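Peer 1: from the sequence below, what's the structure:
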Amino acid sequence: MSPINRPFARTLLASATAVLMGVSALSAQAETRVTYKSASAGTAYYQMGVELSEAIRQGTDGEVVLTLEESQGSVQNVMEVVARQGNYVFTTPPALVTQAAAGEGPFAERPNPRFEEIRGLFPIPAITMHFVLAGDEGVVGLDALEDKHILIGRGTFGAREAERYLELFEMMDKVRIANAEIGSGPDALKNGQIDAFVTASSFPTPNVIETAASMPISLVSLTDEQIEQTGAARQTIPAGTYSGVDQDVETTSLPVIAYTTTGMDDDTAYTLTRTFWERREAMAEETPWWGGITHDMIGNIAGTLHPGAVRYYDEAGIEIPDHLR
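Peer 2: Numbering: from 1, shown residues only. You can find the predicted model right below:
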């Protein structure tokens with residue numbers, strides 16, 4: 001290249017580089033990133049996070065990106081509101097949001113005004129209690145847990161709920177509790193290290209599917225009286241949901257909600273809520289648990305909705321309770 005052309009070439013290169021940098025900057029600016037805090041890997045709620053992330057990506061043509069983070073449970077999800085900034089979405093039973101705002105329960109020793117910034121977006125599949133035992137009976141009563149070595153996990157909502165049930169039905173002195181995380185339940189059951197594990201997750205839940213595929217299992221079915229004693233909603237796990245369990249299983253469930261905070265801008269909250277409902281049927285075709293979500297479940301949300309979510313519900317003509325506005 002001649003000396004005369006070199007300055008021109010350098011100028012052309014600099015211009016091209018500037019254009020490319022400008023395009024990259026615009027692309028980065030157009031992309032909205034959201035952190036989604038779900039549950040432990042291997043659980044149904046973690047898998048839901050994977051599915052929801054993909055649904056949001058498809059529904060927004062990649063303009064909104066959900067980054068999935070593993071969690072040790074709903075209490076941790078709520079507690080992280082204190083330190084999180086911007087676009088933070090997390091899942092939890094609404095009762096924990098009520099407790100956090102009031103400084104009660106697991107939040108009694110760590111109250112924080114930021115809990116009042118929590119805002120609802122949309123419901124996701126409910127937590128369903130699974131009591132899983134080794135054995136080919138298929139469906140058993142609660143007394144089948146007597147004298148068994150049981151893993152219930154540690155620190156999670158499911159672990160606390162399992163402990164509550166065992167105490168409620170005077171079973172704590174009749175079982176041995178394994179000191180391990182719930183994620184190790186399927187392997188521990190298969191290896192004979194435990195006799196049963198309890199997991200709280202929407203059905204069909206991956207860790208129970210995995211266990212039933214590799215060994216005979218049974219599930220505890222509660223009586224009407226026992227369900228009433230728990231104070232929780234009745235949930236029927238249909239026959240055939242899990243391999244070898246050929247009868248309906250009567251158990252309990254609790255609602256779960258996707259929440260964010262006032263740190264999220266209205267447009268992002270609107271887009272997430274709209275995309276969730278628009279993609280819900282497509283998600284249900286891939287995984288049945290999304291099919292149970294209805295507009296009526298919005299009423300389970302504790303606290304108030306994010307203004308961006310309210311805007312979507314109003315535009316879509318979806319009725320929401322006044323106290324959620």
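
Peer 1: can you give me the strands for the stretch 201-325 of the chain?
Peer 2: Under the criterion DSSP state E, counting those that start in this stretch, the stretch 201-325 of the chain carries strands at the ranges 217-220, 233-237, 249-261.

Peer 1: report the backbone C-alpha coordinates of the first one in CSV.
Peer 2: Same thing as strand 217-220. Provided in CSV are the C-alpha atoms of strand 217-220 (Å, rounded to 0.1, in the frame of the first residue of the first chain):
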residue,chain,number,x,y,z
ILE,A,217,-41.4,-46.4,45.1
SER,A,218,-44.6,-45.6,47.1
LEU,A,219,-46.2,-42.3,47.9
VAL,A,220,-48.0,-41.3,51.1
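
Peer 1: mind listing what Ile127 touches?
Peer 2: Contacts for Ile127 (CB atoms under 8 Å, 6 or more residues apart in numbering) come out as Pro93, Phe157, Gly158, Glu161, Ala200, Ser201, Ser202, Ser253, Leu254, Pro255, Val256. C-beta coordinates here come from the backbone N, C-alpha and C atoms, glycine included.

Peer 1: hmm, which helix or strand of this protein has the shakiest average pLDDT?
Peer 2: Least confident helix or strand, the chain: helix 5-30 with a mean of 46, by mean pLDDT, DSSP states H and E.

Peer 1: pairing partners for the next helix-or-strand element following that helix, with directions?
Peer 2: For helix 5-30, the succeeding helix or strand toward the C-terminus, using DSSP states H and E, is strand 32-37. Here strand 32-37 has these sheet partners by DSSP bridges: strand 64-69 (parallel), strand 88-92 (parallel).

Peer 1: pLDDT weak spots in the protein?
Peer 2: Along the chain, the parts satisfying pLDDT under 70 run over 1-30.

Peer 1: which residue is nearest the centroid of it?
Peer 2: What sits nearest the mean C-alpha location of the chain, by CA atoms, centre = their mean, is Tyr45, with 4.0 Å.

Peer 1: pretty sure that residue sits against Tyr36.
Peer 2: No - contact criterion CB atoms under 8 Å: Tyr45 and Tyr36 do not qualify, at 10.7 Å.

Peer 1: still on that earlier bit, any idea how far Gln72 is from the residue nearest to the centre of the chain?
Peer 2: Computed with CB to CB, to the nearest Å, the distance linking Tyr45 and Gln72 is 12 Å.

Peer 1: same question for Ala302.
Peer 2: From Ala302 across to Gln72, the span is 21 Å (CB to CB).

Peer 1: who has more neighbours, those two?
Peer 2: Ala302 (21 against 17; other CB atoms under 10 Å).

Peer 1: and that one, how far from Pro238?
Peer 2: Counting by CB to CB, the separation of Ala302 from Pro238 is 29 Å.

Peer 1: about what we covered before: what's near enough to touch the residue nearest to the centre of the chain?
Peer 2: Residues near Tyr45 by CB under 8 Å, 6+ apart: Ser38, Ala39, Thr91, Ile124, Ser201, Ser202, Val256.

Peer 1: what's opposite the fifth one in the beta bridge?
Peer 2: In this entry, Ser201 is beta-bridged to Thr128, by DSSP bridges.

Peer 1: put the alpha carbons of the helix or strand where His130 lies into CSV.
Peer 2: If you go by DSSP H and E, His130 is part of strand 118-134. Provided in CSV are the C-alpha atoms of strand 118-134 (Å, rounded to 0.1, in the frame of the first residue of the first chain):
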residue,chain,number,x,y,z
ILE,A,118,-41.7,-6.6,47.1
ARG,A,119,-44.2,-6.6,44.3
GLY,A,120,-46.1,-9.5,42.6
LEU,A,121,-45.9,-10.5,38.9
PHE,A,122,-47.7,-13.8,38.2
PRO,A,123,-48.5,-17.2,39.7
ILE,A,124,-46.5,-20.3,39.0
PRO,A,125,-47.3,-24.0,39.7
ALA,A,126,-48.1,-24.7,43.4
ILE,A,127,-45.8,-26.5,45.8
THR,A,128,-47.0,-30.1,46.3
MET,A,129,-45.9,-32.3,49.2
HIS,A,130,-44.4,-35.6,48.2
PHE,A,131,-43.6,-38.3,50.8
VAL,A,132,-41.6,-40.8,48.9
LEU,A,133,-40.7,-44.3,50.3
ALA,A,134,-38.8,-47.3,48.9
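
Peer 1: ok and that strand relative to strand 233-237, angle-wise?
Peer 2: Put simply, strand 118-134 runs at 50 degrees to strand 233-237, going by axes from the mean of the first three to the mean of the last three CA atoms, to 10 degrees.

Peer 1: helices and strands around the helix or strand following strand 118-134, which ones?
Peer 2: Where DSSP H and E defines the elements, the next helix or strand beyond strand 118-134 is strand 139-140. On a contact count with 3 or more CB pairs under 8 Å, 6 or more residues apart in numbering; DSSP states H and E, strand 139-140 meets strand 217-220.

Peer 1: which parts of stretch 172-180 are buried?
Peer 2: Judged by neighbour count using 16 or more other CB atoms under 10 Å, the buried positions of stretch 172-180 are Val175, Ile177, Ala178, Ala180.
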